[in-house]
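> build the 3D model from these lines:
(one chain, ligands or ions: 1)
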Amino acid sequence: MLSKPLSLIGAAAALALTFAGSATAQDFPNKDKNITFVVPFAAGGPTDKAARDLAESMRKTLGANIVVDNAVGASGSIGANKVAKANPDGYTLLFFHIGQATLPTMLRTIPYKVETDFEYLGLVSENPMSVIGRPSLPANNMAELVKWANENKGKINIGNAGIGSASHLCGMLFQSALKIDMTPVPYKGTAPAMTDLIGGQIDLMCDQTTSTAQQIEGKKVKAYSVTTPKRLAPAVFKDLPTMQEAGYKDFAVTIWQGLYAPKGTPAPVLKKINDALKLAVKDADFIKKQESAGASVISDARNDAAGHKAFVGAEMAKWGPIIKAAGVYAD
Ligand code: ASP
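Model prediction:
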């Protein structure tokens, strides 16, 4: 006797939930609510800058306010985990870089699964890195830097945004190319590391060009090389050699960044966000901001979920063995 009313109640509840779900999806975004881009590094750094540029562009087409939440720490895994566990309603999104593919190998444990805990919303940009030094370093070019590094073995420190971050990965490849061990100094993002580099507290750093362009131009830091196989077009970088030109023939690292939602976010909500992302990568303002600092905007199959996910998988497969061979892990 009891089972019928109970199953009726269950069916009614399920129906109500379905309606509530589709109403939410249809109304998305609610103009009275903020959409939050969780950025897992400090404000003022390259990931933060790219996220704010994207937010500015997507705000125009979504018609909703987008705010940035710098949820920093543990090389970006704190912010990523925050989104993996967030309500899947489209209002909490993760803006993250190559760390999405490298952290699972570089950190011994992460509290989320890259493959199954996120909806992939599309990649937006690619960013070369550049090797820079404190302004008081005696070396003025790559050859002098290599000579100085060899003369100062055991005394050199290199800043990064935590084990597993892009700057850590690049710095690790740099040390292995030069065959010189340096002392890593971790920060909660490369913005605070840059402050210390300018102040001379640390010697070297490898960071995205979107973060280094202004500092190089203002002569606040010394610049030595870029990490792409080809030289970069912007005036501030065009005279810098690539690491390959400097003699390190396999050296190539480019950072990419994209947007993620928690797993289970309704498909119509994902579509609206993805539509806005695809308009952003065609937005002249957004493109100009990235290109003027040596980055490029992605406009291909990786702007969609399937292409984005396949690319992250390929990057995990590419970097995993390199990271393992270098033996760099952290708990
Ligand atoms: N550039 C940083 C990294 O090394 C992150 C940041 O501060 O944006 O991963």
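> show me which residues of the stretch 1-150 of the chain are close to the ligand?
F41, A42, G45, P46, T47, D48 (Cβ under 6 Å from any ligand atom). Using the backbone N, CA and C atoms, a C-beta is placed for each residue, glycine as well.
> and the second one, how many neighbours?
Looking back up the chat, that one is A42. Neighbour count of A42, defined by other Cβ atoms under 10 Å: 21.
> so where does it fall, helix or strand?
Using DSSP states H and E, A42 is not contained in any helix or strand.
> that one against M194, yeah?
No: contact criterion Cβ atoms under 8 Å: A42 and M194 do not qualify, at 9.8 Å.
> so where do the helices sit in the stretch 101-250 of the chain?
Assignment of helices within the stretch 101-250 of the chain using DSSP state H, counting those that start in this stretch yields the ranges 142-151, 166-178, 190-198, 209-217.
> okay, these in JSON lines with mean neighbour count and mean pLDDT next?
Shown next, in JSON lines, are the helices of the stretch 101-250 of the chain (neighbours: other Cβ atoms under 10 Å; pLDDT from 0 to 100):
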{"stretch": "helix 142-151", "mean neighbour count": "16", "mean pLDDT": "98"}
{"stretch": "helix 166-178", "mean neighbour count": "23", "mean pLDDT": "93"}
{"stretch": "helix 190-198", "mean neighbour count": "22", "mean pLDDT": "98"}
{"stretch": "helix 209-217", "mean neighbour count": "22", "mean pLDDT": "96"}
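> so which of those helices gets nearest K33?
Evaluated with Cβ to Cβ, the helices of the stretch 101-250 of the chain place helix 190-198 nearest to K33, the distance being 28.2 Å.
> other SSEs contacting the closest one?
With contacts taken as 3 or more Cβ pairs under 8 Å, 6 or more residues apart in numbering; DSSP states H and E, helix 190-198 sits against strand 157-160, strand 204-208, helix 209-217.
> run the chain-centre distance for it.
17 Å (Cα atoms, centre = their mean, to the nearest Å).
> using JSON lines, lay out the helices of the stretch 101-250 of the chain together with distance to I78.
Shown next, in JSON lines, are the helices of the stretch 101-250 of the chain (distance: least, Cβ to Cβ, whole Å):
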{"stretch": "helix 142-151", "distance to I78": "33"}
{"stretch": "helix 166-178", "distance to I78": "16"}
{"stretch": "helix 190-198", "distance to I78": "16"}
{"stretch": "helix 209-217", "distance to I78": "20"}
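> looking at those helices, which is nearest to V253?
Taking the helices of the stretch 101-250 of the chain one by one with Cβ to Cβ, helix 166-178 is closest: 5.3 Å.
> contact partners for the residue nearest in space to the middle of the chain?
Centroid-nearest residue in the chain: H97, 2.0 Å away (criterion: Cα atoms, centre = their mean). Counting by Cβ atoms under 8 Å, 6 or more residues apart in numbering, H97 makes contact with T47, G76, N127, A166, I255, W256, Q257.
> so the second one makes contact with A166?
The one in question is G76. No: using Cβ under 8 Å, G76 is not in contact with A166; the gap is 9.1 Å.
> what sits closest to the residue nearest to the centre of the chain if chain neighbours are left out?
Q257 (4.4 Å; Cβ to Cβ, 6 or more residues apart in numbering).
> in stretch 65-84, what counts as buried?
Using 16 or more other Cβ atoms under 10 Å as the test for burial, stretch 65-84 gives 66, 68-72, 74-84.
> mean confidence for it?
Per-residue pLDDT values over stretch 65-84 give a mean of 96.
> same check, this time on stretch 34-42
Here stretch 34-42 scores 97 as its mean pLDDT.
> first to last residue in that stretch, what's the distance?
20 Å (Cα to Cα, to the nearest Å).
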